[in-house]
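*Asks:* Okay, here's the prediction I keep looking at, along with the sequence it came from:
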Amino acid sequence: MIDQDEGRPSPEGAGATAVEARGGDGAQPGAGREDREEDPLEALVRRQLDLLGEDPDRDGLARTPERVAESMRWLTRGYRMTVEEAVNGAIFEDDHDSMVLVKDIELYSLCEHHMLPFFGKAHVAYIPDGRIVGLSKLPRIVDLFARRLQVQERLTEQIAQAVQDAVEPCGVGVVVEAYHLCMMMRGVEKQNSKTITSAVRGNFRSDNRTRDEFLRLVLSPQFIS
Ligand SMILES: [Zn+2]
């Protein structure tokens, strides 16, 4: 945050200055904003609306900064979570030694270049080495990294590495298939192009047959909805 008014504490000072500049909204009762401490993120969204040529005080937009700030914090909540919390101790000794695959994990993220959504599915597989992880924990790990500003390539790698570190299996394979609104709504406007990324660890990397089995299971057309 940039606060050019050095005489006042930030961030309240920056917000109040912006409000006054638009004509004394701060003096009008009814909006309800005066009762709350000004959130710097809300002030920024108000400023953004203003810069886009909108009137942040018109009825439909009056509470938009509050909603956007709340929504953005929720969509980036992965920054405030750890893999340890996501797994929550659900690692169990087990001698199952074949591939475990959780397919079609819903994924919603924001691209870090445009802060626009990308969304799709993640497929996460591993081959246990004496330990398994509670199946519901794999979607939690996906969510932990998806709920941040991301690029799909890094997201895929981070999921694979987190499973590798948490479960210490013989190997891990992750495929992410996603549609990027920054491609669909703007720029090239390629509305049906899907981006597919993969990341492998351990014997998914060293053993061609394991990797091929994994990719066949997640990418064969008959399995894709
Ligand atoms: Zn983008």
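*Replies:* Here it is on my side, so go on.

*Asks:* What separation is there between the residue positioned nearest the centre of the chain and the ion?
*Replies:* Central residue of the chain (C-alpha atoms, centre = their mean): residue 147, 2.2 Å from the mean position. Residue 147 sits 16 Å away from the ion, going by C-beta to the ion, to the nearest Å. Using the backbone N, CA and C atoms, a C-beta is placed for each residue, glycine as well.

*Asks:* One more: residue 39?
*Replies:* For residue 39, the distance to the ion under the criterion C-beta to the ion works out to 26 Å.

*Asks:* Residue 69 is in contact with that residue, correct?
*Replies:* Yes - judged on C-beta atoms under 8 Å, residue 39 makes contact with residue 69 at a distance of 5.6 Å.

*Asks:* Overlap of the contact sets of those two?
*Replies:* Both residue 39 and residue 69 lack any common contacting residue under the criterion C-beta atoms under 8 Å, 6 or more residues apart in numbering.

*Asks:* contact partners of stretch 198-211?
*Replies:* Under C-beta under 8 Å, 6+ apart, the answer for stretch 198-211 is 99, 125, 127, 156-157, 159-161, 163-164, 169-176, 214-215.

*Asks:* Show me these that map onto strands.
*Replies:* 125, 127, 171, 172, 173, 174, 175, 176 (DSSP state E).

*Asks:* can I get those in TSV with distance to residue 109 and neighbour count?
*Replies:* Putting the ones in strands among the contacts of stretch 198-211 into TSV (distance: C-beta to C-beta, whole Å; neighbours: other C-beta atoms under 10 Å) gives the following:
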residue	distance to residue 109	neighbour count
125	20	26
127	27	22
171	25	24
172	19	27
173	20	28
174	14	31
175	15	23
176	9	27
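
*Asks:* was I right about residue 197 contacting residue 156?
*Replies:* Yes - contact status for residue 197 versus residue 156: in contact at 4.3 Å, counting by C-beta under 8 Å.

*Asks:* Which neighbours do these two have in common?
*Replies:* Counting by C-beta under 8 Å, 6+ apart, the contacts common to residue 197 and residue 156 are 175, 176.

*Asks:* higher neighbour count, these two?
*Replies:* Per other C-beta atoms under 10 Å, whichever of residue 197 and residue 156 has more neighbours is residue 156, with 24 against 17.

*Asks:* List the contacts of that one.
*Replies:* Each residue near residue 156 by C-beta under 8 Å, 6+ apart is listed here: 122, 174, 175, 176, 197, 198, 199.

*Asks:* Show me what the second one is bridged to.
*Replies:* Residues in a beta bridge with residue 174, per DSSP bridges, are residue 124, residue 199.
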